[in-house]
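Engineer: Can you look at this prediction? I've put the sequence above it.
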Amino acid sequence: MKIASVQPFILHLPLTSASISDSTHSITHWGVVGAKIVTTDGLEGYGFTGTHAHLASDRLITSCISDCYAPLLVGEDASDHQRLWTKLARYPSLQWVGRAGITHLALAAVDVALWDLKAKKAGVPLWNYLGGARTDALEAYNTDIGWISFDLETLLRGSAKAVEEDGFTRLKIKVGHDDPNVDVERLAAVRRRVGSKIRIAIDGNGRWDLPTCQRFCVLARDLDIYWFEEPLWYDDVKSHATLARNTSVPIALGEQLYTLDAFRSFIDAGAVAYVQPDVTRLGGITEYIQVADLALANRLPVVPHAGEMSQVHVHMSYWHPASTILEYIPWIKDHFEEPANVEEGVFRRPQRPGASTTPLAKSMENFGKSLR
Ligand code: 0YR
Ligand code: MG
C-alpha cells in the first residue's frame, strides 16, 4: 500500500435548511475539506475535516496538505498510520507553527484517509477493522431540530416531528440568548410538547460567562436537561470545573479541543461528564482513539461531536467501548457513497469497506471549489 499521490479537495455543500445559527456561528454551507490518497496498487482513501465553508481558510488547510504533508507522505506505506501520524505532527518546522488549528485539521483529513485505506484494503467496514461492533443499535440524537435561529413554532414543529414521525428519543437544542430566560422558555415549551420521556440535551457553543451559566442552570432545574454542552469559553478549564461542581446538570465538551492533552486537562479537573472528541479536529482517528481510551480509563461516556456529520463517527461509536450515543445532522450524508442514515432513531451500521468517507463523484464535480 505505497502512497502514490495525495490530492486535496474542497467541497462546499449547501445545508438542508437555507441557513442556521447557533449562539456563535451562522452558516449556509458545510465545508468538506480533505484529501484523496491514492496508492500504487490503485486503492483510493478519502479523509476530510469539517469547516464553515470559508474558502480562504479552507485553502490554508488544503495548502498544508499539498505543500507540507504530501511530500512527507508520497512513497510511504499507507498502513503505517502511527508512524506517519508522528512524522507529520512532530515534523520539527511544522510542529513549530502547528500543534493545533489549521495544521491539525489538515492532519485529521490525512489520518482519516489512511484509515479509510486500511479498512478498504482489508475489505471490511472500519468498525469491523477496528475490532467489531459493541452494539447492534447505535442510538442517534437529533441536533438539526434545535437551531437557535429557529423561531419557537419551527422549534416545536421540528421537535414533535422528530419524536412522533422519525422515532428519535433524544434531541439537542441550542441555547445562548442574551437573556437566558428566553432559552428557559423555549426549552420548557419543547419539554411540554414532547413529554418527560424524551432526553433533551442543550448546547451553548461557548457563548455565556460563568455567572450566566450558573443562573441558567438554576432557572432550568426542573427541565431535566440531559447535558449542557460547551457552556463556557472552550479552553477555560477552571470555570468549567466550577460550574460542574455547582450544578447537577452534566457538562459535555470537546468539539473545540485539538489534543489529547487538552482532554486530559478537563478530565483531570472534573470539568467534563460527557467527552466529545471529533476525528475532524483532533488529529484524525489515531488521536481520537487515544482520547476515547482516556475517557474509558476515567469511566466517562464518549459522545463524539460530528464534524464529519457522523460519516466516520458511526464507525467509531459502533466500535469503541466507551461510546454511548451519536449526533445526527443530515446536511451532507447524501453526498457520500454510504450515507450515515438513521432509522427509528438508530444509526444504520455501515456495510461497505472503509470509513464511509468516499464522496459521490457527482458531488465532487458539482460542489468542488478551486484550491487557489
Ligand atoms: C454550526 N454541534 C455543534 C455547527 C455544531 C455547530 O455552526 O457547526 O452548532 O458544530 O455545536 O454540537
Ligand atoms: Mg456543540
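Structural biologist: Here it is on my side, so go on. Ligands and ions are numbered 1, 2, ... in the order given.

Engineer: Pull up the per-residue confidence for the closest residue to ligand 1 within the stretch 51-200 of the chain.
Structural biologist: Distances between the stretch 51-200 of the chain and ligand 1 by CB to the nearest ligand atom are smallest at Thr143, namely 5.6 Å. Heads up, the C-betas are built off the backbone N, CA and C, glycines and all. Note for Thr143: predicted pLDDT of 98.

Engineer: Tell me how many other residues surround it.
Structural biologist: Neighbour count of Thr143, defined by other CB atoms under 10 Å: 23.

Engineer: So it is in contact with Pro330, correct?
Structural biologist: No - contact criterion CB atoms under 8 Å: Thr143 and Pro330 do not qualify, at 9.8 Å.

Engineer: how far away is the most centrally placed residue in the chain from ligand 2?
Structural biologist: Central residue of the chain (CA atoms, centre = their mean): Ala306, 2.4 Å from the mean position. Computed as CB to the ion, to the nearest Å, the Ala306 to ligand 2 distance reads 9 Å.

Engineer: Helix, strand or coil: sort out the residue lying closest to that residue once chain neighbours are set aside for me.
Structural biologist: Leaving aside its sequence neighbours, Ala306 sits nearest to Glu327 (CB to CB, 6 or more residues apart in numbering; 4.1 Å). Under DSSP: H, G, I helix; E, B strand; the rest coil, Glu327 falls in the strand class.

Engineer: and Glu327, how many residues sit next to it?
Structural biologist: Neighbours around Glu327, by other CB under 10 Å: 26.

Engineer: what sits against it?
Structural biologist: Ala140, Tyr141, Thr143, Lys172, Val303, Pro304, His305, Ala306, Ser310, His313 (CB atoms under 8 Å, 6 or more residues apart in numbering).

Engineer: I'd like to know how far it sits from ligand 2.
Structural biologist: According to CB to the ion, Glu327 stands 8 Å off from ligand 2.

Engineer: where does that residue land on pLDDT?
Structural biologist: At Glu327, the model reports a pLDDT of 98.

Engineer: Close to ligand 1: what parts of the protein are there?
Structural biologist: Contact residues, the chain versus ligand 1 (CB under 6 Å from any ligand atom): Asp22, His25, Ile27, Thr143, Asp203, Asn205, Glu255, His305.

Engineer: circling back to that earlier point, without its sequence neighbours, what residue ends up closest to the residue of the stretch 51-200 of the chain closest to ligand 1?
Structural biologist: Closest to Thr143 by CB to CB, 6+ apart is Lys172, at 4.5 Å.

Engineer: my read is the one you found is in a helix, agree?
Structural biologist: No - using three-state DSSP, the secondary structure at Lys172 is strand, not a helix.

Engineer: burial of it, as a residue count?
Structural biologist: When neighbours are counted by other CB under 10 Å, Lys172 comes out with 22.

Engineer: and what of Pro71?
Structural biologist: By other CB under 10 Å, 10 other residues sit near Pro71.

Engineer: same check, this time on the one 5 residues further on
Structural biologist: For Glu76, the neighbour count with other CB under 10 Å is 15.

Engineer: Ramachandran angles for it?
Structural biologist: With angles defined as degrees, to the nearest 10, Glu76 sits at phi -80, psi 160.

Engineer: wait, it sits on Ser5?
Structural biologist: No - Glu76 lies out of contact with Ser5 (CB under 8 Å); the separation is 11.9 Å.

Engineer: quick one: contacts for the spatially closest residue to Arg191 that is not a sequence neighbour?
Structural biologist: By the measure of CB to CB, 6+ apart, the closest residue to Arg191 outside its immediate chain neighbours is Leu223, 5.4 Å from it. With contacts defined as CB under 8 Å, 6+ apart, Leu223 is in contact with Val184, Leu187, Ala188, Arg191, Ile200.

Engineer: Now distance to Ser317 and neighbour count too, for these, in a markdown table please.
Structural biologist: Output for the contacts of Leu223, formatted as a markdown table (distance: CB to CB, whole Å; neighbours: other CB atoms under 10 Å):
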| residue | distance to Ser317 | neighbour count |
| --- | --- | --- |
| Val184 | 31 | 20 |
| Leu187 | 26 | 22 |
| Ala188 | 31 | 14 |
| Arg191 | 27 | 19 |
| Ile200 | 20 | 21 |
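
Engineer: Just the closest of those residues to Asp111, please.
Structural biologist: Ile200 (33.8 Å; CB to CB).

Engineer: Wait, a strand at the closest one?
Structural biologist: Yes - applying three-state DSSP, one finds Ile200 inside a strand.

Engineer: Run a quick neighbour tally on whichever residue of the chain sits closest to ligand 2.
Structural biologist: With CB to the ion as the measure, Asp203 is the residue of the chain nearest to ligand 2, at 4.3 Å. When counting by other CB under 10 Å, one arrives at 27 neighbours for Asp203.
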